[in-house]
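1. okay, sequence plus prediction incoming.
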Amino acid sequence: MKLTGAQILIKMIKAEGVDTIFGYPGGAVIDIYDALAKQNGLRHILVRHEQGAVHAADGYARANKSVGVALVTSGPGATNTVTGIASAYLDSIPLVVFTGQVPTALIGNDAFQEVDIVGITRPCTKHNYLVKNVEKLAETVKQAFHLARSGRPGPVLIDLPKDIVGTQIEFEEPCEISLKSYKPNYTPNKKQLSKVVDLIKQAKRPVIFAGGGVILSESSEELTRLAKITDIPVTASLMGLGAFPGSDPLWLGMLGMHGTYRANMSIGNCDLMIAAGVRFDDRVTGNVKKFAPDARIVQIDIDPTSIHKNIEVQCPIVGDCKAALKELVQLMEGRDPEEFKNNRPKWLAQIEEWKSTMPLKYNQGDEVIKPQFVIEKLYELTKGDAIITTEVGQNQMWAAQYYHFNKPNHFITSGGLGVMGFGLPAAIGAKAARPDKLVVDIAGDGSIQMNIQELMTAIESKIDVKIVILNNQYLGMVRQWQELFYDKVYSSTNMENAPDFVKLAEAYGAKGLRCTRPDEVESTLKKGLNTEGTVIMEFAVDREESVYPMVPAGASITEMLLV
């Protein structure tokens, strides 16, 4: 069977189980778009900016537990994907991004819309390819999907010269993938796991610390079972929210710079930490020299380069989180539970005291809306069952603190790179993957404007998302730092000159609601959530509300600002 490179590409993408791609056409990929128009079964969602395509693919991948796919043209189309790729790389999200390229004969000649996207993305992809032979295309696509989803997941880029996708050849199905230099270790060391059991038996003040790797490995059930058997309280990184039920009594809340008082104090005072699927990012550890100073640390991670990278650990375990946690549970089940609960009541009582004396709190009056109040009401009305995406800034932290995530894959945010403008396209991707779910983007008035053009994508594609804008007329997180550490010199953070978000929503064909009073918050949310179609709900919130607790730069995570 003779096929063009473009037809082979579509065939191989379908063979990987992909049903949706996000993209933006151009001259270098026009053959691919022609092939797309002549096939069935692969939906293309036309975004309004290539960055939006990658963020949407990211949201799709997380909500659907699959590989997200983006397709863009060469030159500026390719460079516009870099922020989205870098975000996926730091958050370990499986993506395959296809970029157009000038014909092979013109590569290196500074041709129109030529750029070395392979070189540009080498630091922020798991692997990337420049296809130079159409006969290698099918095999390359198969390898890319294998790399993206296996081991520690991540983005892979394939650069496609125009002549490659336009050439016709006799198509042959590629053989099974065999990459000699790439063999992720999924099986944890049994001796190390037995050592963990002994450490749990000895510990008086243990804590489980869950990261995004628990969600990626689909091991939330095993993690929860481990905590229940041992009565060990659980905290999580921003990326780990939902790995353990947020309504469970053993839940400590999020750890880190804006973590709960009880979570940060628990890590600061624990004598054993079981860290699963975490990379000990600086936003979590604070001053690494003061991080968990009395603890023996167990680190479970599929990526051996993450072990000892930021924090020295006493019991490293390289392997799949699901396999490791499952085996730990098996080693403990059938034995006397009291073996693993050495003096636990005293430790749990201490944690309860931290929780009761220093809970998350804010003061909601009658005049001005507090942003935390909006998030709490959103949680109540959705019963915690919505998929929440966020932008980046104060809105992200308030969402993490006040919306309680009881299931994995329900909190989608740019954790590592911290991309403003991530939430709206990610929400579109998540809703495309899960049309049965309510999807809400929690945004700030600054960050929502970074990719506001994707409202048109939602409207055109009939992908209904809800957007909650916490409008404080500031770049709030930067303003908070300026207030606390820069003598209240609010340099370039005032955002009073902003568009009318209700009219902006209507201009795109969406619906817009505005709320200015605390007693209207619930009714506005109810109306917006129950209105068919894409809706912007704008809340005029306290301009100078800050996110607390807060760990200042260079401080230990137990050295928090609480007011």
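-> Now that the structure is in, tell me what you want to look at. Numbers count the residues shown, from 1 in each chain.
2. which one is the most centrally placed residue in the chain nearest to, not counting chain neighbours?
-> Geometric centre of the chain, nearest residue: residue 413, 4.0 Å, by CA atoms, centre = their mean. Leaving aside its sequence neighbours, residue 413 sits nearest to residue 390 (CB to CB, 6 or more residues apart in numbering; 4.6 Å). Backbone N, C-alpha and C define where each C-beta goes, glycine included.
3. residue 184 now?
-> residue 151 (3.2 Å).
4. touching, the one you found and residue 304? I think so.
-> No. Judged on CB atoms under 8 Å, residue 151 makes no contact with residue 304 at a distance of 10.1 Å.
5. looking at the two, which is more packed in?
-> Comparing residue 151 with residue 304 by other CB atoms under 10 Å, the one with more neighbours is residue 151, at 18 against 14.
6. let me see the ranges of the strands in the stretch 301-450 of the chain.
-> If DSSP state E, counting those that start in this stretch is used as the criterion, the strands of the stretch 301-450 of the chain fall at 315-318, 387-390, 411-412, 439-444.
7. which other helices and strands contact the second one?
-> Contacting strand 387-390 under the criterion 3 or more CB pairs under 8 Å, 6 or more residues apart in numbering; DSSP states H and E are the following elements: helix 394-402, strand 411-412, helix 423-433, strand 439-444.
8. pipe these into TSV and attach mean neighbour count per row.
-> Shown next, in TSV, are the helices and strands packed on strand 387-390 (neighbours: other CB atoms under 10 Å):
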stretch	mean neighbour count
helix 394-402	26
strand 411-412	28
helix 423-433	31
strand 439-444	30
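9. residue 467 and residue 395, how far apart?
-> Distance from residue 467 to residue 395, counting by CB to CB, to the nearest Å: 11 Å.
10. for residue 66, same thing?
-> Where residue 395 is concerned, residue 66 sits at a distance of 27 Å (CB to CB).
11. what does residue 292 give?
-> Applying CB to CB to residue 292 and residue 395 gives a distance of 29 Å.
12. could you do residue 539 as well?
-> Counting by CB to CB, the gap from residue 539 to residue 395 is 11 Å.
13. list residues touching both of the two?
-> The contact sets of residue 539 and residue 395 overlap at 371, 470 (CB atoms under 8 Å, 6 or more residues apart in numbering).
14. dump the residue contacts of the residue nearest to residue 184.
-> 182, 184, 302, 303 are the contacts of residue 151 under CB under 8 Å, 6+ apart.
15. so how far is residue 409 from it?
-> 20 Å.
16. what do you get for residue 466?
-> 18 Å.
17. between the two, which is the more surrounded one?
-> Per other CB under 10 Å, whichever of residue 466 and residue 409 has more neighbours is residue 466, with 26 against 22.
18. check contacts around the more buried one.
-> Here residue 466 is in contact with 438, 439, 440, 441, 528, 529, 534, 535, 537 (CB under 8 Å, 6+ apart).
19. looking at those, spot the one nearest residue 496.
-> Nearest to residue 496 out of the contacts of residue 466 is residue 537 (CB to CB; 20.3 Å).
20. close enough to count as contact, the closest one and residue 525?
-> Yes. Using CB under 8 Å, residue 537 is in contact with residue 525, at 6.5 Å.
21. what do the two both touch?
-> residue 468.
22. pick out whichever of these two has more residues nearby.
-> residue 537 (27 against 23).
23. phi and psi next, for that one.
-> phi -120, psi 110 (degrees, to the nearest 10).
24. what's the nearest residue to it if we skip its chain neighbours?
-> residue 528 (4.1 Å).
25. what about that neighbour, distance to residue 181?
-> Applying CB to CB to residue 528 and residue 181 gives a distance of 51 Å.
26. looking at those two, which is more packed in?
-> residue 528 (22 against 4).
27. how much space separates that one from residue 21?
-> Counting by CB to CB, the gap from residue 528 to residue 21 is 30 Å.
28. same deal with residue 395?
-> The value you get for residue 395 to residue 21, if CB to CB is used, is 29 Å.
29. any stretches of the stretch 301-450 of the chain with poor pLDDT?
-> Scanning the stretch 301-450 of the chain for pLDDT under 70 picks out nothing.
30. let's see that with 90 instead.
-> Along the stretch 301-450 of the chain, segments meeting pLDDT under 90 span 333-344.
31. just the helices in it please.
-> With DSSP state H, counting those that start in this stretch as the criterion, the stretch 301-450 of the chain has helices at 321-332, 344-357, 371-382, 394-402, 423-433.
32. and the shortest one, how far from the chain's centre?
-> For helix 394-402, the separation from the chain centroid amounts to 14 Å (computed by CA atoms, centre = their mean, to the nearest Å).
33. now the angle from that helix to helix 371-382?
-> Computed with axes from the mean of the first three to the mean of the last three CA atoms, to 10 degrees, the direction of helix 394-402 lies at 60 degrees from that of helix 371-382.
34. and the contacts of helix 394-402?
-> 238, 241, 253-254, 258, 260, 360, 371-372, 375-376, 379, 388, 390, 411, 413, 442-444, 447, 470, 472, 476-477, 480, 545-547.
35. before we move on, what about the longest one?
-> Contacts with helix 344-357, where a contact means CB under 8 Å, 6+ apart, come from 204-206, 231-233, 252, 260-262, 265-266, 269.
36. ChimeraX command for the buried members of those?
-> Selection of buried members from the contacts of helix 344-357 for ChimeraX, criterion 16 or more other CB atoms under 10 Å:
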select :205,206,231,232,233,252,260,261,262,265,266,269
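37. that older thread, now do the shared contacts for residue 467 and residue 395.
-> residue 443.
38. chain center to the helix or strand harbouring residue 484: distance?
-> If you go by DSSP states H and E, residue 484 is part of helix 476-485. Taking CA atoms, centre = their mean, one finds the center of helix 476-485 at 25 Å from the center of the full chain.
39. packing partners for it?
-> For helix 476-485, the elements it packs on are helix 394-402, judged by 3+ CB pairs under 8 Å, 6+ apart.
40. convert the helix it packs on to PDB, retaining C-alpha atoms only.
-> Only the C-alpha atoms of helix 394-402 are listed here, as PDB (Å, rounded to 0.1, in the frame of the first residue of the first chain):
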ATOM      1  CA  GLN A 394      -2.300  33.500  44.000                       C
ATOM      2  CA  ASN A 395      -5.200  31.900  42.300                       C
ATOM      3  CA  GLN A 396      -3.200  28.600  42.000                       C
ATOM      4  CA  MET A 397      -2.300  28.600  45.700                       C
ATOM      5  CA  TRP A 398      -5.800  29.400  46.900                       C
ATOM      6  CA  ALA A 399      -7.200  26.600  44.700                       C
ATOM      7  CA  ALA A 400      -4.600  24.200  46.200                       C
ATOM      8  CA  GLN A 401      -5.500  25.300  49.800                       C
ATOM      9  CA  TYR A 402      -9.300  25.600  49.700                       C
END
